[in-house]
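A.B. asks: pasting the sequence and the predicted model now:
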Amino acid sequence: MTAALANWASAFTDEQAFQREQEQLGRYWTLLGVAHDLRMDGDWIRAKLGGRSVFVQRFGDRLRGFENRCAHRFFPLRNQDKGNGPVVCGFHHWRYDQEGVAVGVPMCPELFGVAPRALNARLTPVEVATCGALVFGRFQADGAGGTLEDFLGDSFPIINTITTTAGRPHVHGHPVAANWKLCVQITLDDYHIVAVHHKPHYHADADLQYPRFGMHSAHFTGHADTLESMAQACRAGTYRPDHYRIFNIFPNLAVSLFRASFRNQPHWYFNVQQFVPVAPGRCEHRGWFHRVEFLPFEGNALARFAQPWVEIVRARAVRFYQDRTAREDHETCERLQQAARRIEGWPILGSQETRIGWFEEAYAKALI
Ligand code: FES
Ligand SMILES: [Fe+2]
């Protein structure tokens, strides 16, 4: 084990290690929210990036991101999770344009001796890019270059395909009294399904594939396709799902595609989960799910008319099962967090926990 890997658990309990970790991770593309909340001109969302509060706002056809901190005296510009309206600070009414420049400053010549633009006061920018319904951001910095498409690699066309839906995704989530990495790790672990989720049997190794790409990895059940062939089919618009898939995107995002059967009819859903770090022993589980239609709806006119109402019922059932699974996972993470000070050395990882080792390798590299 390298010295970097030896520190894998230090930010679970150490505030300084947690701050340092967060600063480093802000350089990597991180999910900030969903495009459905940014459809109208002036829409904005608030999010966390690298331990700092940021916001993304639509200006016409462009999305812009900034640290949520006024250049005047550092007041938070956005004080709710989402909204609509110009960037005007609530403390002294400084107004910012889409470049993050203070262009409206009350009493500026009298109080500051110059016109607003001459103050050259600007917000810290956040680079923003989208993939399907997902809006990502990162602080511009040397060393973590490349576009979002480069960063996501073969998962880019896949996430683009499965999260692009006409409807507004259903929101779920809750606070978890555990470090964000424990919650990520449990999404990378195929070994806990019997003990934690009371499944009747374990996976056979032979049924699983674990594609690794860049800092990320995926779980494929079955061998009908590979990451590359799935990506190709998604690019071509010909992908049709057959088995469960989950894509774990470094640092704290998991996008899954799963089947829910109702009256013996399969319906496919995406589920986006993110574990937003709040403190060494706390994170926020944020999630969005929605049905994915891979083919045009084939039912008759009455069935088409009834679809939105039927979907409300289906989505309730999906939410019930998802919440139950998340609760089981997160109660386990919370117990582990309570014992986090007693973690020593490196865990003993079996083949169905391989991806935890890969994730920790990516984490160690990111923190160098
Ligand atoms: S702190 Fe924002 S205008 Fe003063
Ligand atoms: Fe689980």
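C.D. replies: Received the coordinates, thanks. Numbers count the residues shown, from 1 in each chain. Ligands and ions are numbered 1, 2, ... in the order given.
A.B. asks: which residues touch the residue of the stretch 251-368 of the chain found nearest ligand 1?
C.D. replies: Of all residues in the stretch 251-368 of the chain, Val278 sits closest to ligand 1, at 24.4 Å by CB to the nearest ligand atom. Backbone N, C-alpha and C define where each C-beta goes, glycine included. Contact analysis of Val278 by CB atoms under 8 Å, 6 or more residues apart in numbering lists 48, 175, 180, 284.
A.B. asks: same check, this time on Lys82
C.D. replies: By CB under 8 Å, 6+ apart, the neighbours of Lys82 are 33, 37, 43-46.
A.B. asks: now do it against ligand 1, distance only.
C.D. replies: 20 Å (CB to the nearest ligand atom, to the nearest Å).
A.B. asks: quickly list what that residue is bridged to.
C.D. replies: Here Lys82 sits in beta bridges with Ile45, going by DSSP bridges.
A.B. asks: quick one on the thing from earlier: who wins for most neighbours among the contacts of Val278?
C.D. replies: Trp180 (29 neighbours; other CB atoms under 10 Å).
A.B. asks: Phe59: neighbour count?
C.D. replies: Neighbours of Phe59 (other CB under 10 Å): 16.
A.B. asks: what's the burial count for the residue lying closest to it once chain neighbours are set aside?
C.D. replies: Spatial nearest neighbour of Phe59, chain neighbours left out: Gln98 (3.9 Å); criterion: CB to CB, 6 or more residues apart in numbering. Gln98: 16 surrounding residues under other CB under 10 Å.
A.B. asks: likewise for the one 4 residues further on?
C.D. replies: Neighbourhood size, Ala102 [other CB under 10 Å]: 22.
A.B. asks: which residues does it contact?
C.D. replies: By CB under 8 Å, 6+ apart, the neighbours of Ala102 are 71-72, 94-96, 116, 119, 121-122.
A.B. asks: at which residues are the helices of the stretch 201-350 of the chain located?
C.D. replies: 227-236, 301-338 (DSSP state H, counting those that start in this stretch).
A.B. asks: of those helices, which shows the lowest average pLDDT?
C.D. replies: Lowest mean pLDDT within the helices of the stretch 201-350 of the chain: helix 301-338, a mean of 89.
A.B. asks: quick check: next helix or strand after it?
C.D. replies: helix 354-366 (DSSP states H and E).
A.B. asks: and that following helix, what's buried?
C.D. replies: Within helix 354-366, the residues that count as buried by 16 or more other CB atoms under 10 Å are 354-356, 358-364, 366.
A.B. asks: save those residues as TSV, and put in distance to Val103 too.
C.D. replies: Below are the buried residues of helix 354-366 laid out as TSV (distance: CB to CB, whole Å):
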residue	distance to Val103
Thr354	52
Arg355	48
Ile356	48
Trp358	46
Phe359	43
Glu360	46
Glu361	46
Ala362	41
Tyr363	40
Ala364	43
Ala366	36
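A.B. asks: so which of these comes closest to Val184?
C.D. replies: Phe359 (6.5 Å; CB to CB).
A.B. asks: that closest one against Phe250, yeah?
C.D. replies: Yes - with contact defined as CB atoms under 8 Å, Phe359 reaches Phe250; the gap is 7.0 Å.
A.B. asks: quick one on the thing from earlier: pull out the buried residues from the contacts of Lys82.
C.D. replies: 33, 37, 43-46.
A.B. asks: farthest pair within the residues you listed?
C.D. replies: Within the buried ones among the contacts of Lys82, Asp43 and Arg46 form the most distant pair, 11.7 Å apart (CB to CB).
A.B. asks: ok so, going back, now for the residue nearest to Phe59: which residues touch it?
C.D. replies: Per CB under 8 Å, 6+ apart, neighbours of Gln98: 57, 59, 62, 64.
A.B. asks: which of the residues you listed sits closest to ligand 1?
C.D. replies: Closest to ligand 1, out of all of the contacts of Gln98 and judged by CB to the nearest ligand atom, is Gln57, at 16.1 Å.
A.B. asks: quick check: beta-bridge partners of the closest one?
C.D. replies: Bridge pairing for Gln57 - DSSP bridges - gives Trp44, Arg64.
A.B. asks: that one: neighbour count?
C.D. replies: Gln57 has 26 nearby residues by other CB under 10 Å.
A.B. asks: surely it and Leu63 touch.
C.D. replies: Yes - counting by CB under 8 Å, Leu63 is a contact partner of Gln57 at 7.2 Å.
A.B. asks: so what sits against both of these two?
C.D. replies: Leu38.
A.B. asks: how far away is Tyr28 from ligand 1?
C.D. replies: From Tyr28 to ligand 1 the distance is 29 Å (CB to the nearest ligand atom).
A.B. asks: tell me the contacts of that residue?
C.D. replies: 138, 144, 151, 215, 250-251, 366.
A.B. asks: okay if I get the residues you listed as CSV plus pLDDT and distance to ligand 1?
C.D. replies: What follows is the contacts of Tyr28, written out as CSV (pLDDT from 0 to 100; distance: CB to the nearest ligand atom, whole Å):
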residue, pLDDT, distance to ligand 1
Arg138, 96, 24
Ala144, 58, 30
Phe151, 96, 33
Met215, 97, 36
Phe250, 98, 34
Pro251, 98, 31
Ala366, 94, 33
